[in-house]
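>>> from the sequence below, what's the structure:
(one chain, ligands or ions: 1)
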Amino acid sequence: MIELKDVTKRFNLKGSAAKKSKIFNAVNQINLTWRRGEFISVVGESGCGKSTLAKVIAGLTDASEGAISLDREPVHLRSQKERTKWAKTVQVVPQDPYAALNPVRKIRSSLADAFLYHKLVSRHELSHKMEELLEFVGLNARETLDKYPHQLSGGQRQRLVIARALSVNPDFLIADESVSMMDVSLRVEILDYLKRVSKERNLGLLFITHDFRVARYISITGKIAVMYLGHIVEFGQTDEILRNPMHPYTQSLISAVPLIAGRERRVEEVLPKSFEIGTLDERSIGCPFAARCPFAQADCLEQRPKLDSVTSYHQVACHYATARKMLVNE
Ligand SMILES: Nc1ncnc2c1ncn2[C@@H]1O[C@H](COP(=O)(O)OP(=O)(O)OP(=O)(O)O)[C@@H](O)[C@H]1O
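Numbers count the residues shown, from 1 in each chain. Okay, here's the model as predicted:
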């Protein structure tokens with residue numbers, strides 16, 4: 001089990017000479033528990049901090065504050081040795097498989113690196129292990145190993161980078177919008193495939209997406225975390241979040257998805273876009289969503305709502321979510 005406790009990642013946006021630089025939290029005091037075998041989708045608009053959160057969890061960038069633990073033991077990523085060890089626990093499936101593969105190296109050599117770097121197999125066993133893994137991800141090893149990345153289809157490349165992530169036998173897999181650039185049928189194929197291999201290997205799967213439909217598809221039996229300006233504003237079991245969204249931001253995202261809500265409205269129609277996403281100042285004290293929220297009250301600008309439990313499987317960060325719900329139900 002991976003646990004995040006108050007994890008924050010801060011960036012300094014350097015301004016021009018006239019403008020002061022500005023510090024902001026791309027990821028703000030995130031608390032999250034993620035178990036082996038558990039599927040969690042992280043959903044939010046572009047720039048809300050999803051990829052930064054994924055990088056912090058994967059150890060690709062350091063948190064500015066907060067702590068990560070594995071099975072209740074603190075995780076420290078101070079040395080290369082510690083990072084390499086962590087990479088065997090958490091692997092990332094890259095967003096763009098073409099960019100992730102070296103175009104001038106054959107698949108055999110790219111894949112061998114992953115095994116040999118982590119000293120997982122001897123040279124003697126290498127070919128056999130690579131063939132086994134490729135077959136596991138549904139690729140014909142004999143036809144694949146001696147090709148270059150450009151000789152594979154988009155779907156084959158995607159399977160290959162998933163295979164490479166699996167080569168170290170991780171317990172947790174993070175997939176960052178890995179289907180956003182594909183056509184619909186390939187998208188469904190890869191999503192099904194990711195779900196299947198994760199289930200078969202009992203992997204925790206954290207899926208990063210801006211698309212609620214994809215989040216629902218991936219983690220229908222799992223959980224959804226809705227992110228807004230670096231904060232998780234709603235979290236819980238997927239069916240509960242879809243049936244009973246309580247945060248105005250989640251409600252707007254869901255109403256923008258016709259498949260779920262039965263009516264088509266874009267997020268921009270539901271919510272005014274009053275400032276650039278991702279520019280919440282570090283010193284801001286109120287609700288990150290207040291400036292766009294149709295229900296904001298004076299105290300929403302002054303007090304940041306905590307992610308509080310509504311039930312044991314549903315949390316929301318909004319001062320008025322419960323009161324609004326009661327009014328609607330009256
Ligand atoms: N290395 C960096 N230095 C400064 N700012 C950064 C850095 N990386 C990300 N950011 C900023 O942090 C915010 C969150 O970025 P992030 O990429 O995590 O968002 P995202 O939700 O994954 O977006 P997308 O869906 O477009 O990939 C953005 O405002 C981004 O510009």
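>>> can you list the weak-confidence ranges in the stretch 51-200 of the chain?
178-182 (pLDDT under 70).
>>> what does it put close to the ligand?
Contacts of the stretch 51-200 of the chain with the ligand, taken as Cβ under 6 Å from any ligand atom, map to 51, 52. From N, CA and C alone the C-beta is placed, and that goes for glycine too.
>>> helices along the stretch 51-200 of the chain, start to end?
80-87, 97-100, 107-117, 123-136, 141-144, 154-166, 184-200 (DSSP state H, counting those that start in this stretch).
>>> tell me which residues of the fourth one come out buried.
Under the neighbour-count criterion of 16 or more other Cβ atoms under 10 Å, helix 123-136 has 126, 129, 130, 131, 133, 134, 136 buried.
>>> same deal with the fifth one?
With burial defined by 16+ other Cβ under 10 Å, the residues of helix 141-144 counted as buried are 141, 144.
>>> tell me how many other residues surround residue 150.
Number of residues near residue 150 (other Cβ atoms under 10 Å) recorded here: 10.
>>> thought residue 197 was touching residue 159?
No. Contact criterion Cβ atoms under 8 Å: residue 197 and residue 159 do not qualify, at 9.5 Å.
>>> compare those two (neighbour count), which wins?
For residue 197 and residue 159, the more surrounded residue by other Cβ under 10 Å is residue 159, and the numbers stand at 24 against 20.
>>> one step back: now do the shared contacts for residue 197 and residue 159.
Residues touching both residue 197 and residue 159 by Cβ atoms under 8 Å, 6 or more residues apart in numbering: residue 137.
>>> partner residues bridging the most centrally placed residue in the chain?
Nearest to the mean C-alpha position of the chain, by Cα atoms, centre = their mean, lies residue 208 at 2.9 Å. Beta-bridge partners for residue 208, by DSSP bridges, are residue 42, residue 176.
>>> how close does residue 100 sit to the ligand?
Look at residue 100 and the ligand: by Cβ to the nearest ligand atom, to the nearest Å, they are 15 Å apart.
>>> what's the local residue count around the closest residue to that residue other than its chain neighbours?
Nearest residue to residue 100, sequence neighbours excluded (Cβ to Cβ, 6 or more residues apart in numbering): residue 94, at 4.0 Å. Here the number of neighbours of residue 94 (other Cβ under 10 Å) works out to 19.
>>> swap in the one 5 residues further on?
Close neighbours of residue 99, defined as other Cβ under 10 Å, add up to 10.
>>> got a list of what residue 133 touches?
111, 163, 166, 167.
>>> so which residues of this structure form strands?
For the chain, applying DSSP state E gives strands covering 2-13, 22-34, 39-43, 65-70, 73-74, 90-93, 172-176, 204-209, 223-228, 231-237, 308-311, 314-316.
>>> next, work out how far apart the closest residue to residue 165 other than its chain neighbours and residue 170 are.
Closest residue in space to residue 165, ignoring its immediate chain neighbours: residue 91 at 4.0 Å, by Cβ to Cβ, 6+ apart. In this view, residue 91 and residue 170 are 4 Å apart by Cβ to Cβ, to the nearest Å.
>>> same thing with residue 234?
28 Å.
>>> neighbour-wise, which of those two wins?
Taking neighbours as other Cβ under 10 Å, residue 234 and residue 170 compare with residue 234 leading, 28 against 20.
>>> residues touching that one, list them.
So residue 234 contacts 224-226, 241, 245-247, 249-250, 314-317 (Cβ under 8 Å, 6+ apart).
>>> beta-bridge partners for residue 2, please?
residue 34, residue 70.
>>> OK, contacts around it?
Counting by Cβ under 8 Å, 6+ apart, residue 2 makes contact with 32, 33, 34, 57, 68, 69, 70, 90, 172, 204.
>>> wait, the second one sits on residue 3?
Yes. Residue 33 sits in contact with residue 3 when judged by Cβ under 8 Å, with a separation of 5.2 Å.
>>> between the two, who's got more neighbours?
Neighbours were counted for residue 33 and for residue 3 using other Cβ under 10 Å; residue 3 has more, 18 against 14.
>>> which residues are in contact with the more buried one?
Taking Cβ under 8 Å, 6+ apart as the test, what residue 3 contacts is 32, 33, 34, 68, 69, 72.
>>> buried subset of the residues you listed, written for PyMOL?
Filtering these down to the buried ones (16+ other Cβ under 10 Å) takes a single PyMOL command:
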select buried, resi 32+34+68
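>>> run a quick neighbour tally on the residue in the stretch 101-250 of the chain that the ligand sits nearest to.
Relative to the ligand, the nearest point of the stretch 101-250 of the chain is residue 210 (5.3 Å; Cβ to the nearest ligand atom). Look at residue 210: counted by other Cβ under 10 Å, it has 19 neighbours.
>>> how about residue 153?
Residue 153: 9 neighbours (other Cβ under 10 Å).
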